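> Quick one: sequence plus predicted model below, questions after.
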Amino acid sequence: MRLRPVRPAGWWYDGLLLAALVALTVALAGGHLFGLDRAVADWAADHRPTAARWIAMIFNYLGQGTPLALIALGLGVLLAVRLRSVRPLLPPVLAEVLTYLTIGPLKVWTARPAPSASVKEPFLPPEQTLPLFQDGLPVRFAQSYPSGHVANAIVWYGVLALLLAPLLRTFGRTVPPRLVTVVRVVPPLVVLCTTTYLGWHWLTDSVAGLLLGLLLDRLLHRAPWDDLPLPGRLRRWDQPFTTHP
């Protein structure tokens, strides 16, 4: 099996993303960048009229992981039926496994409250909402780092773009490369901006979600979906989909 190409090519970029995520986590654990986080959160709170808040909340739904996963699975099922192949189901399944094993555990491990934790339950002092590793708080109040909305948006829109092109090919249609880029780039950027603007995450939470999401996205797009070995009973349903005419 040969891994599928990604851009930028090579593993150096993956290493850079991982190193940046580790460096950011270490910096926050050491009490750095809190001033930046607080300045951005305070500016957003001072520039959040009701209309802008509602618009941001609506656009933030673009990063809801469960609906995105269900849409991706639906596209995978439709493509699987049209090609009579189980392979289109593999990307959404693996994406769900990767996000489940990374985003949630990292949130629990780093145990960081959101900016809003000072104005609603558990009503922490503002200075206590910034540090990581607050193991004394209930888990539901300390799951801000990294931003799951941002990471999920990158992963799931990448999966949707991966499935959309071959699905439309089965209907005799093609997807312009620019549209694929828009699908993969615009929603995650919108989610990053809105989740920070609404005070649901610190800026560094969103940046960490961006780094983690890009890393997971590259892993998923490297997978040789058309060549992965299948169990014996499924080999009759192993038509390729990424290279299907």
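It's in. Residues are numbered from 1 along each chain as shown.

> drop to CA atoms for contacts and neighbour counts, all remaining ones
Noted.

> low-scoring stretches of the protein, by residue?
235, 243-245 (pLDDT under 70).

> Skipping adjacent residues, who's closest to Leu68 in space?
In space, and not counting its chain neighbours, Leu68 is closest to Trp156: 6.1 Å by Cα to Cα, 6 or more residues apart in numbering.

> Contact partners for that neighbour?
Neighbour list for Trp156: Gly65, Leu68, Ala69, Ala72, Pro92, Ala95 [criterion: Cα atoms under 8 Å, 6 or more residues apart in numbering].

> how about Ser85, secondary structure?
Taken by DSSP: H, G, I helix; E, B strand; the rest coil, the conformation at Ser85 corresponds to coil.

> Next one: the closest residue in space to it that isn't next to it in sequence relative to Pro231, how far apart?
Closest residue to Ser85 in three dimensions, ignoring its sequence neighbours and counting by Cα to Cα, 6+ apart: Trp237, at 4.2 Å. Separation of Trp237 from Pro231 (Cα to Cα, to the nearest Å): 10 Å.

> how far out from the middle of the chain is the helix or strand where the residue nearest to Leu68 lies?
Following DSSP states H and E, one finds Trp156 within helix 148-169. Centroid separation between helix 148-169 and its chain, computed with Cα atoms, centre = their mean, to the nearest Å, is 10 Å.

> tell me which residues in that helix are buried?
For helix 148-169, the buried set under the neighbour-count rule, 16 or more other Cα atoms under 10 Å, comprises 148-167.

> Could I have the CA atoms of that helix written out in CSV?
Extracted C-alpha coordinates of helix 148-169, given in CSV (Å, rounded to 0.1, in the frame of the first residue of the first chain):
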residue,chain,number,x,y,z
GLY,A,148,-13.2,20.7,19.8
HIS,A,149,-15.4,22.9,17.5
VAL,A,150,-12.3,24.0,15.5
ALA,A,151,-10.6,20.6,15.4
ASN,A,152,-13.9,18.9,14.4
ALA,A,153,-14.6,21.4,11.7
ILE,A,154,-11.2,20.8,10.1
VAL,A,155,-11.5,17.0,10.3
TRP,A,156,-15.1,16.7,9.2
TYR,A,157,-15.1,19.2,6.4
GLY,A,158,-12.0,17.5,5.1
VAL,A,159,-13.9,14.2,5.1
LEU,A,160,-16.9,15.8,3.4
ALA,A,161,-14.6,17.2,0.6
LEU,A,162,-13.0,13.7,0.3
LEU,A,163,-16.4,12.1,-0.3
LEU,A,164,-18.2,14.8,-2.2
ALA,A,165,-16.0,14.7,-5.4
PRO,A,166,-16.4,10.9,-6.0
LEU,A,167,-20.1,11.1,-5.1
LEU,A,168,-20.7,13.8,-7.7
ARG,A,169,-18.7,11.8,-10.3
